[in-house]
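>>> missing the sequence, but the structure's below:
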């Protein structure tokens, strides 16, 4: 049977509800020129769906694909199909959520102390929503750079302790497009300290252990998607902080964390080698 005859025969046959239901499951068409590549799902009106199924039965899926590819058969999307989602931001770019936090941080209002605290809370709620209950409050100012997390003197039931994050002017100042990826990971670093405290790693004697683990994570973790890029120099400074704290550990703890330490050193060597090679040729 020729394709033209098949199409006419398909158009004249009686359509049933079962036919239309089966067509709803026929949502991809493969063309000879692009075998294996799935086309976007088509939502057809009931009449068009029935006619398409009859044509597939009479002439075969391949023949239908050839008609579509050649332009002889046009399939129109149903209005209810909606529009394609917006493309994801390019690697290293800020998405809409990140831009909103950065814009709020760099605005003139409200007051600096409110903006500083709001930035930390926004990062917690946006990127660490399942862990934000680890933090009881955020305070300002911190008379040093970055963030500082403490736990209340009053003892909470074991495993339910919460921390308090103090935020500095420096943290607010560097909540920028270029620095935002680091700010997000920096908050994650502080959350690790609360989790460590819950595991019994509190106190001055455990300081080097806590900081090695937190800096090792922060220095090697991938940027959160949509938050931008953390530059090589910043990563190296975090990795060096991890190495410094590892060297302050006792012999037993160094043996315990030898694998993590080796990963940190490996990352450092890769970053330094990349620096020596210089930028790639255009």
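Okay, I see it. Being a predicted model, the structure only gives us computed values, none of them experimental. Numbers count the residues shown, from 1 in each chain.
>>> pLDDT of stretch 272-282, averaged?
For stretch 272-282, the mean per-residue pLDDT is 64.
>>> likewise stretch 187-205?
The model assigns stretch 187-205 a mean pLDDT of 95.
>>> buried ones in that stretch?
Judged by neighbour count (16 or more other Cβ atoms under 10 Å), stretch 187-205 contains these buried residues: 187-198, 201-202. (Each C-beta comes from the backbone N, C-alpha and C, glycine too.)
>>> same question, stretch 129-137
Residues of stretch 129-137 classed as buried: 134, 135 (neighbour count, 16+ other Cβ under 10 Å).
>>> distance between the ends of it?
Terminal residues of stretch 129-137 are spaced 15 Å apart (Cα to Cα, to the nearest Å).
>>> ok, and what's touching that stretch?
Contact with stretch 129-137 is made by 124, 125, 152, 162, 163, 164, 165, 191, 194, 195, as judged by Cβ atoms under 8 Å, 6 or more residues apart in numbering.
>>> ok, 7 Å please
Residues from elsewhere that reach stretch 129-137 (Cβ atoms under 7 Å, 6 or more residues apart in numbering): 124, 125, 162, 163, 164, 165, 191, 194, 195.
>>> what are the ranges of the strands in the stretch 101-250 of the chain?
Shown for the stretch 101-250 of the chain, the strands assigned by DSSP state E, counting those that start in this stretch span residues 135-139, 147-150, 163-167.
>>> Okay, buried residues for stretch 138-155 please.
Buried residues in stretch 138-155, counted by 16+ other Cβ under 10 Å: 138, 140, 142, 147, 148, 149, 151.
>>> Need these in JSON lines (columns: pLDDT and distance to residue 232).
JSON lines is the format used below for the buried residues of stretch 138-155 (pLDDT from 0 to 100; distance: Cβ to Cβ, whole Å):
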{"residue": "138", "pLDDT": "98", "distance to residue 232": "30"}
{"residue": "140", "pLDDT": "97", "distance to residue 232": "31"}
{"residue": "142", "pLDDT": "91", "distance to residue 232": "27"}
{"residue": "147", "pLDDT": "97", "distance to residue 232": "22"}
{"residue": "148", "pLDDT": "96", "distance to residue 232": "26"}
{"residue": "149", "pLDDT": "96", "distance to residue 232": "27"}
{"residue": "151", "pLDDT": "87", "distance to residue 232": "34"}
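>>> of all those, which two lie farthest apart?
Spatially, the most separated pair among those is 140 and 151, at 18.3 Å (Cβ to Cβ).
>>> And the strands of the stretch 101-250 of the chain: which comes nearest residue 115?
Shortest distance between residue 115 and the strands of the stretch 101-250 of the chain, using Cβ to Cβ, is found for strand 163-167: 9.7 Å.
>>> List the strands paired with the closest one, with their directions.
Strand 163-167 sits in its sheet next to strand 135-139 (parallel), strand 147-150 (antiparallel), going by DSSP bridges.
>>> Tell me the pLDDT of the closest residue to residue 187 other than its chain neighbours.
Once flanking residues are discounted, residue 187 sits nearest to residue 123: 4.7 Å by Cβ to Cβ, 6 or more residues apart in numbering. pLDDT for residue 123: 98.
>>> Number the residues from 28 up from this point.
All right, first residue 28 from here; so that's residue 150.
>>> What's the separation between residue 150 and residue 188?
Residue 150 sits 21 Å away from residue 188, going by Cβ to Cβ, to the nearest Å.
>>> Neighbour count: the two, which is higher?
Ranked by neighbour count (other Cβ atoms under 10 Å), residue 150 and residue 188 place residue 150 first, with 23 against 18.
>>> Verify the contact between residue 228 and residue 236 for me.
Yes: counting by Cβ atoms under 7 Å, residue 228 does reach residue 236; the two are 6.4 Å apart.
>>> hang on, residue 301 is in a helix, isn't it?
Yes: applying DSSP: H, G, I helix; E, B strand; the rest coil, one finds residue 301 inside a helix.
>>> which non-adjacent residue is nearest it?
The nearest residue in space to residue 301 (Cβ to Cβ, 6+ apart) is residue 259, at 6.8 Å.
>>> per-residue pLDDT, the one you found?
Looking at residue 259, the pLDDT reads 96.
>>> Which residues are in contact with the closest residue to residue 196 other than its chain neighbours?
Spatial nearest neighbour of residue 196, chain neighbours left out: residue 168 (6.4 Å); criterion: Cβ to Cβ, 6+ apart. Applying Cβ under 7 Å, 6+ apart, one finds that residue 168 lies in contact with 140, 195, 196.
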